[in-house]
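Trainee: sequence unavailable; structure follows:
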Ligand SMILES: CSCC[C@H](NC=O)C(=O)O
Ligand SMILES: [Zn+2]
Ligand SMILES: [Zn+2]
């Protein structure tokens, strides 16, 4: 006879079945589900609409000393689109294969984390636990497209200020090794457009002086030289020290546009870049360097489509109580931690920007990294293994 499924896994799969895929996430269904689950646990909640139709929910377990800054367990509810034909199953059915893997969009990024918080709180409540600090779970919208209508607005809302957050947990990335990665900072994400204008004319002519595409290509080449230099550092290390992606800056050419007809020299040309700036780099110096590289060409302008001007790190030295607690709990669970800088962007950057210390941890080890990938999955045993880790962590963080 087939073994009965653990009820935590059943609930997790229910959460995975809610289609919160960008660009049309069903936020209503999502917050209704979370509100019902909160009510079942006797927890108070507040739904906050950060922008029209952008629904977020805060779920609260009040501490015995509510005057202390609280612990925030943050997760985002939206997920990225899928290439349906590349999946072996419906990404919103959350099927469980015979080998125990649950396949769904959001299985790793990051409904597993949000749901682990929920099950951890459930387990703590079941043993009659009352935290000293208030613990909030925030399930927020819009992260996958930059959080401009989600966390960016939320942190300025009175409802958020009322949470009085002192420390936050958020998402990490899976590890292919037997380690849990802890992200204590991230690179500032910029989307940059370089726009070049010049002289138009007949495509048969050699317009040399003021040629929009030629000038754009010069800028692209300068950017690519910088990119190559960073790539070298990533491969060979800096001053004999091994570095990770989060320690270097990256520039990727992600968009290119010019031209109206084959025999017309374009008057305008532009290129779009995804730029990530490491906290190891002075953000203003880097910004000026990019502008200088682009705008030293006449008629070329650099525009920021998105700009984030801060990449604060959460301290991980001895004496930092949050870090000490994370390391202590990891030891108790025989887990080795790898502190790192997040190569991409999460909502944690909005928290760190306003001075809230935050760590990004997803309890996913010895697994392929499948965020944003086809057949995203997590093994049910691994999901279950994470719950006592999170409950122990939450319990000890809330006692500080
Ligand atoms: C400019 S904000 C972009 C946020 C996005 N976050 C997840 O993938 C990222 O590309 O890192
Ligand atoms: Zn995510
Ligand atoms: Zn993501």
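Mentor: Noted; the coordinates are in hand. Every value quoted in this text rests on a predicted model; they were computed, and no experiment measured them. Numbers count the residues shown, from 1 in each chain. Ligands and ions are numbered 1, 2, ... in the order given.
Trainee: tell me the contacts of the residue nearest in space to the middle of the chain?
Mentor: The structure's the chain has its C-alpha centroid closest to residue 346; by CA atoms, centre = their mean the separation is 2.7 Å. Counting by CB atoms under 8 Å, 6 or more residues apart in numbering, residue 346 makes contact with 76, 143, 170, 171, 183, 186, 360. Bear in mind the C-beta positions are built from the backbone N, C-alpha and C, glycine included.
Trainee: same thing but at 10 Å, please
Mentor: Neighbouring residues of residue 346 by CB atoms under 10 Å, 6 or more residues apart in numbering: 74, 76, 109-110, 143, 147, 151, 170-173, 183, 186, 189, 358, 360.
Trainee: ok, the closest residue to residue 400 other than its chain neighbours - contacts?
Mentor: In this structure, residue 400 finds its nearest non-sequential neighbour in residue 321, 5.3 Å apart by CB to CB, 6 or more residues apart in numbering. Shown in contact with residue 321 (CB under 10 Å, 6+ apart): 166, 167, 357, 397, 400.
Trainee: helix/strand/coil for the first one?
Mentor: Assigned by DSSP: H, G, I helix; E, B strand; the rest coil, the conformation of residue 166 is strand.
Trainee: is it true that it touches residue 65?
Mentor: No. With contact defined as CB atoms under 10 Å, residue 166 does not reach residue 65; the gap is 11.8 Å.
Trainee: just the buried positions in the host helix or strand of residue 120, please.
Mentor: Using DSSP states H and E, the element containing residue 120 is helix 111-126. Buried positions in helix 111-126, judged by neighbour count with 16 or more other CB atoms under 10 Å: 111-124.
Trainee: cool, stretch 356-368 as well?
Mentor: Buried, per 16+ other CB under 10 Å, within stretch 356-368: 356, 357, 358, 359, 360, 361, 362, 363, 364, 365, 367.
Trainee: got it, and stretch 215-229?
Mentor: Buried, per 16+ other CB under 10 Å, within stretch 215-229: 215, 216, 218, 219, 220, 222, 223, 226, 227.
Trainee: for residue 172, give me its contacts.
Mentor: Here residue 172 is in contact with 109-110, 113, 180-183, 338, 340, 342, 346, 348, 359-364 (criterion: CB under 10 Å, 6+ apart).
Trainee: residue 290 - how many residues pack around it?
Mentor: 24 (other CB atoms under 10 Å).
Trainee: which residue comes closest to it once chain neighbours are left out?
Mentor: In space, residue 290 is closest to residue 302, 6.4 Å off (CB to CB, 6+ apart).
Trainee: and the longest helix for this protein?
Mentor: helix 212-236 (DSSP state H).
Trainee: which elements pack onto it?
Mentor: Here helix 212-236 touches strand 188-197, strand 250-258, strand 264-265, strand 268-277, helix 283-295, strand 300-306, going by 3 or more CB pairs under 10 Å, 6 or more residues apart in numbering; DSSP states H and E.
Trainee: go again with 8 Å.
Mentor: Counting contacts by 3 or more CB pairs under 8 Å, 6 or more residues apart in numbering; DSSP states H and E, helix 212-236 packs against strand 188-197, strand 250-258, strand 268-277, helix 283-295, strand 300-306.
Trainee: looking at those, which is nearest to residue 325?
Mentor: Closest to residue 325 of the helices and strands packed on helix 212-236 is strand 188-197 (CB to CB; 27.3 Å).
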